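> here you go, sequence then predicted model.
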Amino acid sequence: MKKLTSIIAAICMLASMFTAYAADYTVSDWAAESVERAWDLRLPDKELTGRDLTQPINREDFCAAVFNLMSHIADGELSSDPDLCKFTDVDNMKVTFLCGMGIINGKSETEFAPNDSLTREEAATILLRMINKVKPMAATEMWFDFADLSDISDWALNSVQTICNMGFMEGVGDNRFAPKDTYTEEQALAVLVRIYDAAEAMDAANPDVTQEYSFDTPLGTVTQTSDNCVEHINFAVETEAIVTIVRDQSNFSNSYIDTPVKAITNQDTTMMISFDDFASIFGGEWKLTDNVFEFTYDPATPIELSESYTPFTYEKPAPSQDAQLSPVTTFIDMDTITVNGEETELLSSSGGRVHPGSICMYGDTLYISVQMVAYLMGCDLAVLIL
């Protein structure tokens, strides 16, 4: 059995590391605020820019968003057996993990149909299974006598009634649930935010005493408290990547540091490189003193850039074999480092936008956003390519 450990907020998972910022998208007025909050919580895996969220959500995207919500609200330890998942048409590790938990099923033993639309009754069933396994909640005794009750499949009837009793899903008007209608992305995100709020309210009603945790890092011990952590779970795999420098974002002329650096990836995007490789790029040194990361280097040291890079092979691990659900510890109250004695804001970037960054630890290696390479070079952007 593979195990996902969620330890009260001691292990903080990096949510923003692999996500781009949303911009313009189509959304109904009633769902606009919920969609914004869902984006802030990093529930959708895909960037929202340019998309129509009033359209049906596909099965893979819905499962990824359910997994991301689950990672926020889970208490204690969750177990999954990915080897139980025999799907041959999808290699999304979040789908595999939910399948191994018994939260989702496929269209057949080997077919998940990731691009198929999801029906409202299917969504209700998946949501209730996730809640029952991750954050059990009370439901009322109310019975919803929908006008189209007979259209609800027998296997979904209890789930539809319960999820409506909990107040997470509701009818579509005219006393109809419309069980066979497709579930839209904005509907899905709005319901996931409602579940998140309910879970937060449960936790607030039973507050944990603030606890203190110590993390052993390669160069010392970092102390954090549960108040300084936000739980989020993501897949991370250690790999190598090439640093790409965008000197001027207006023309996107790229240059490369043609020596692979140690990086962590969610198998789609990489943004964090090891502190050791970061220091090596500038010929500098870093250390950790009293929970402050200090970096010193000579700004006059030349950095050799190439107009092309030497490709190398990166093989994505199979979901049920080498790739594991591994914790990325994020020190979220450390938003600055000292560079040559001056306090400097940590920066990251995604979707061509620069935003606050962070320091994280994966395994026994400390990582920093690659955008800090561009910052010290006086360039617009630095990104990583596999």
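Cool, the structure landed.
> check contacts around Val261.
240-243, 273-274, 277-278, 281, 384 (C-beta atoms under 8 Å, 6 or more residues apart in numbering). The C-beta positions use only the backbone N, C-alpha and C, and glycine is treated the same way.
> how about it, secondary structure?
Classification of Val261 using DSSP: H, G, I helix; E, B strand; the rest coil returns strand.
> just the one 3 residues further on next, same as before
Secondary structure assignment for Ile264 (three-state DSSP): strand.
> so when I look at Ala65, I'm seeing a helix, right?
Yes. Ala65: assigned to a helix according to three-state DSSP.
> which one is it nearest to, not counting chain neighbours?
Counting by C-beta to C-beta, 6 or more residues apart in numbering, Leu43 is the residue found nearest to Ala65 once chain neighbours are left out, at 4.8 Å.
> the one you found: how many residues sit nearby?
For Leu43, the neighbour count with other C-beta atoms under 10 Å is 24.
> mind exporting the C-alpha coordinates of the helix ranked longest in the chain to CSV?
Scanning the chain for the helix with the most residues, using DSSP state H, yields helix 185-205. This file holds the C-alpha atoms of helix 185-205, laid out as CSV (Å, rounded to 0.1, in the frame of the first residue of the first chain):
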residue,chain,number,x,y,z
GLU,A,185,-16.4,23.3,-14.6
GLU,A,186,-17.8,26.3,-12.7
GLN,A,187,-20.4,24.1,-11.0
ALA,A,188,-17.6,21.7,-10.0
LEU,A,189,-15.3,24.4,-8.6
ALA,A,190,-18.2,26.1,-6.7
VAL,A,191,-19.1,22.8,-5.0
LEU,A,192,-15.5,22.0,-4.1
VAL,A,193,-15.2,25.5,-2.5
ARG,A,194,-18.3,24.8,-0.5
ILE,A,195,-16.8,21.5,0.8
TYR,A,196,-13.6,23.3,1.6
ASP,A,197,-15.5,25.9,3.7
ALA,A,198,-17.4,23.3,5.5
ALA,A,199,-14.2,21.4,6.4
GLU,A,200,-12.6,24.7,7.6
ALA,A,201,-15.7,25.3,9.8
MET,A,202,-15.3,21.8,11.3
ASP,A,203,-11.7,22.5,12.1
ALA,A,204,-12.4,25.9,13.5
ALA,A,205,-15.0,24.3,15.8
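> on that earlier part again, and which of the contacts of Val261 is nearest to Leu128?
The closest of the contacts of Val261 to Leu128 turns out to be Leu384 (C-beta to C-beta; 39.2 Å).
> ok so the closest one is a strand residue?
Yes. Assessed with three-state DSSP, Leu384 lies in a strand.
> give me the pLDDT for it.
Note on Leu384: pLDDT of 85.
> OK, contacts around it?
241-244, 261, 263, 270-271, 273, 370.
> quick one: buried residues of the longest helix of the chain?
Buried residues in helix 185-205, counted by 16 or more other C-beta atoms under 10 Å: 185-193, 195-196, 198-199.
> determine which two of the contacts of Leu384 are furthest apart.
Most distant of these, by C-beta to C-beta, are Ile242 and Met271, 13.2 Å apart.
> of these two, which one has the most company?
Between Ile242 and Met271, counted using other C-beta under 10 Å, the more crowded position is Met271 (26 against 21).
> that older thread, three-state assignment of the residue nearest to Ala65?
The three-state label given to Leu43 by three-state DSSP is coil.
> look up phi and psi at it.
Dihedral pair for Leu43: phi -80, psi -50, per degrees, to the nearest 10.
> surely it meets Val191?
No. If you go by C-beta atoms under 8 Å, Leu43 and Val191 don't touch, sitting 10.5 Å apart.
> would you mind measuring from the residue with the largest distance to the centre of the chain to Ala113?
Within the chain, the residue lying farthest from the chain centre (C-alpha atoms, centre = their mean) is Ala147, at 38.7 Å. Look at Ala147 and Ala113: by C-beta to C-beta, to the nearest Å, they are 30 Å apart.
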